[in-house]
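Peer 1: how would this look folded up:
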Amino acid sequence: MTQETAILVTLIIYKIVLLAIGFFASSKTKDGTDFFLGGRTLGPTVAALSASASSSSAWTLLGVSGAAYAGGLSAAWIFPACVGGFFINWCLLGPGLRRESAQSDALTVSEVLAGPPGTPSRQAVSRLGSFIIVVSLATYVATQFQGAGKTFSEVFGLNMGESILIGAGIVVIYTMMGGFWAVSLTDSLQGFLMMGTSILLPVAALYQVGGPVELWSQMQQIEGFGSLGTGNGFFASMGFIAGLLGIGLGYPGQPHVVNRFMALKDEKSMARGRQIAIGWAVVVYSGMLILGWCGRILYPGLPDKEVVFLTATTALFPPIVAGIMIAAVVSAIMSTADSQLLVLVSSLTHDMNLDGEKDDRLLAKSRAVILVVSAVSVMVALYGPTEIFKFVLFAWSAMGAAFGPLLLITVLRGRVTPRATLAAMAVGFVLSVAFYLIPATKGGFIERVLPWCIAMAIGLAGSSKKDA
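Peer 2: Numbering: from 1, shown residues only. Here you go, the predicted structure:
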């Protein structure tokens with residue numbers, strides 16, 4: 001059996017398992033609460049692994065390892081940024097968001113921010129939130145399909161169009177069948193697979209290099225590779241570091257991640273889930289950084305730095321094991337894309353008509369919208385920018401600034417006035433987009449941190465303490 005055949009067989013079996021989970025979950029999906037939040041009965045392991053996998057897309061395996069391959073030791077700042085984001089979510093945001101959404105019976109992040117029925121400008125807040133989610137997640141889903149394209153192109157020699165259609169088709173089918181249950185169960189499997197790969201692959205690469213001491217020695221021999229800064233001066237390095245650390249601020253504002261907190265069944269599950277999720281983050285992000293550094297020593301001169309994961313996998317392991325690890329990349333893609341599709345659908349079907357009459361055909365409409373949104377995302381994937389790392393961080397920062405500060409204020413301090421909510425959401429999103437479009441501010445501290453801080457200031461000015 002050739003390597004390509006072994007990998008293909010492994011991936012086919014894996015995809016059949018995902019579809020079987022979707023079929024099983026379809027029997028548990030009876031209404032909107034089931035479809036969007038799994039009936040609020042999620043346990044700690046499923047919540048932690050699915051939330052972790054959803055927040056850690058193809059960017060985590062391909063992008064982080066690629067950033068370490070290209071940037072050297074300076075990429076290490078990604079670790080405190082991302083693990084810090086997990087800490088903010090599970091320790092500061094999660095407990096309060098679970099209680100807030102349960103008390104108000106809110107199904108989405110936009111509905112939490114809009115407030116209970118009767119709140120002034122409730123529909124306006126919900127619709128603005130829906131607009132931001134649709135714009136951001138449509139591009140974000142497209143990057144996941146691009147990740148699929150890179151994976152299949154590198155391994156099987158397929159063109160990007162074929163690869164994107166294969167990956168998108170599987171995600172759409174099981175998301176349509178089982179909704180939140182299918183997404184959460186498949187994401188849990190995928191999160192476990194990602195963690196296992198993030199242990200085995202870096203360890204094998206580190207062994208191949210000659211161990212930690214040899215890795216450090218060889219990193220120092222590459223100009224600028226062993227420096228924690230950019231090598232372009234103190235202020236440039238500080239701006240670069242602050243920009244990477246700003247990634248962590250985006251975590252509370254990701255609707256496809258924080259909706260797992262809204263679905264948890266109780267406080268005990270929250271506490272146990274916190275331990276699992278933060279441990280997962282430590283393993284996965286440290287593993288991908290080590291892999292990128294080792295990859296630069298083992299495979300110098302790769303034309304596309306983001307394929308170092310795939311290059312190391314096929315070079316270091318026999319075909320069957322390589323197939324399982326490449327399935328981890330597909331897992332990262334699917335676990336984010338399916339969650340984002342579900343949030344997109346909830347925004348277009350539930351949030352856009354928040355104060356309207358109850359729609360008995362909500363499930364059917366939601367499934368139809370999944371098809372439409374997926375088709376749009378496939379087009380963006382085919383004709384949009386091709387570098388996963390930067391494109392993902394744009395969508396991440398935009399939603400992070402629009403929703404994160406307001407969610408944190410709401411659960412920790414108290415509700416924000418509708419006027420301030422609208423202003424904070426709009427300013428956070430618009431500034432993120434504007435700074436992304438300006439070459440001098442794109443991808444740095446100004447894009448990732450400044451809009452978030454301004455939105456936070458607006459939200460605080462319009463909030464009242466809970467005991468007031």
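Peer 1: CA only for contacts and neighbour counts going forward, please
Peer 2: Will do.
Peer 1: identify the residues contacting residue 365.
Peer 2: Neighbour list for residue 365: residue 349 [criterion: C-alpha atoms under 8 Å, 6 or more residues apart in numbering].
Peer 1: what residues sit buried inside the helix or strand it falls within?
Peer 2: Assessed by DSSP states H and E, residue 365 sits inside helix 362-383. Residues of helix 362-383 classed as buried by neighbour count (16 or more other C-alpha atoms under 10 Å): 362-363, 366-367, 369-371, 373-375, 377-378, 380-382.
Peer 1: how about the helices in the stretch 351-468 of the chain?
Peer 2: Taking DSSP state H, counting those that start in this stretch, the helices of the stretch 351-468 of the chain run over residues 362-383, 388-412, 418-437, 445-448, 450-461.
Peer 1: distance from stretch 458-467 to the middle of the chain?
Peer 2: 29 Å (C-alpha atoms, centre = their mean, to the nearest Å).
Peer 1: for the residue nearest to residue 379 when sequence neighbours are not counted, give its distance to residue 210.
Peer 2: Once flanking residues are discounted, residue 379 sits nearest to residue 142: 7.9 Å by C-alpha to C-alpha, 6 or more residues apart in numbering. Using C-alpha to C-alpha, to the nearest Å, residue 142 is found at 38 Å from residue 210.
Peer 1: same check on residue 276?
Peer 2: Residue 276 is 31 Å from residue 210, by C-alpha to C-alpha.
Peer 1: these two: who's more crowded?
Peer 2: More neighbours surround residue 276 than the other of residue 276 and residue 210, with 17 against 11 (other C-alpha atoms under 10 Å).
Peer 1: any idea which helix or strand comes after the helix or strand containing the more buried one?
Peer 2: Applying DSSP H and E as the criterion places residue 276 in helix 267-298. Per DSSP H and E, helix 267-298 leads on to helix 308-316 as the next helix or strand towards the C-terminus.
Peer 1: and that next one, what does it pack against?
Peer 2: helix 65-71, helix 122-156, helix 160-209, helix 267-298, helix 319-349 (3 or more C-alpha pairs under 8 Å, 6 or more residues apart in numbering; DSSP states H and E).
Peer 1: for residue 399, find the nearest of these.
Peer 2: In terms of C-alpha to C-alpha, the element of those nearest to residue 399 is helix 122-156, at 6.8 Å.
Peer 1: show me what the closest one is packed up against.
Peer 2: helix 109-114, helix 160-209, helix 308-316, helix 319-349, helix 362-383, helix 388-412, helix 418-437.
Peer 1: try it again with 7 Å
Peer 2: Counting by 3 or more C-alpha pairs under 7 Å, 6 or more residues apart in numbering; DSSP states H and E, the packing neighbours recorded for helix 122-156 are helix 109-114, helix 160-209, helix 319-349, helix 362-383, helix 388-412.
Peer 1: contacts for the shortest one next, please.
Peer 2: Translated: helix 109-114. 101, 106, 122, 125, 126, 129, 130, 255, 351 (C-alpha atoms under 7 Å, 6 or more residues apart in numbering).
Peer 1: ok, of the residues you listed, which one's closest to residue 280?
Peer 2: Nearest member of the contacts of helix 109-114 to residue 280, counting by C-alpha to C-alpha, is residue 255, at 19.9 Å.
Peer 1: surely the residue nearest to residue 379 touches residue 377?
Peer 2: Yes - at 4.8 Å, residue 142 and residue 377 qualify as touching, with contact defined as C-alpha atoms under 7 Å.
Peer 1: so how far is residue 326 from residue 125?
Peer 2: For residue 125 relative to residue 326 (C-alpha to C-alpha), the value is 41 Å.
Peer 1: what do you get for residue 292?
Peer 2: Counting by C-alpha to C-alpha, the gap from residue 292 to residue 326 is 16 Å.
Peer 1: of those two, who's got more company?
Peer 2: residue 292 (34 against 25).
Peer 1: so that one sits against residue 71, correct?
Peer 2: No - assessed by C-alpha under 7 Å, residue 292 is found out of contact with residue 71, at 9.2 Å.
Peer 1: run a quick neighbour tally on residue 69.
Peer 2: Neighbours around residue 69, by other C-alpha under 10 Å: 31.
Peer 1: which residues touch the closest residue to it other than its chain neighbours?
Peer 2: Distance criterion C-alpha to C-alpha, 6+ apart; nearest residue to residue 69, sequence neighbours excluded, is residue 292 at 4.3 Å. Contact analysis of residue 292 by C-alpha under 7 Å, 6+ apart lists 65, 66, 68, 69, 308.
Peer 1: for residue 292, give me the pLDDT.
Peer 2: Listed pLDDT for residue 292 reads 95.
Peer 1: relative to residue 310, how far out is it?
Peer 2: 11 Å.
Peer 1: low-scoring stretches of the stretch 301-450 of the chain, by residue?
Peer 2: Low-confidence segments of the stretch 301-450 of the chain (pLDDT under 70): 327-336, 353-363, 384-393.
Peer 1: same thing but at 90, please
Peer 2: Residue ranges of the stretch 301-450 of the chain with pLDDT under 90: 301, 303-307, 310, 314, 317-398, 414, 433, 436-449.
Peer 1: how many neighbours does the closest residue to residue 116 other than its chain neighbours have?
Peer 2: Distances taken as C-alpha to C-alpha, 6+ apart put residue 104 closest to residue 116, at 6.0 Å, once the chain neighbours are dropped. For residue 104, the neighbour count with other C-alpha under 10 Å is 13.
Peer 1: with residue 301 instead?
Peer 2: Residue 301 has 11 nearby residues by other C-alpha under 10 Å.
Peer 1: next one: phi and psi at residue 121?
Peer 2: phi 60, psi 20 (degrees, to the nearest 10).
Peer 1: much appreciated, bye for now.
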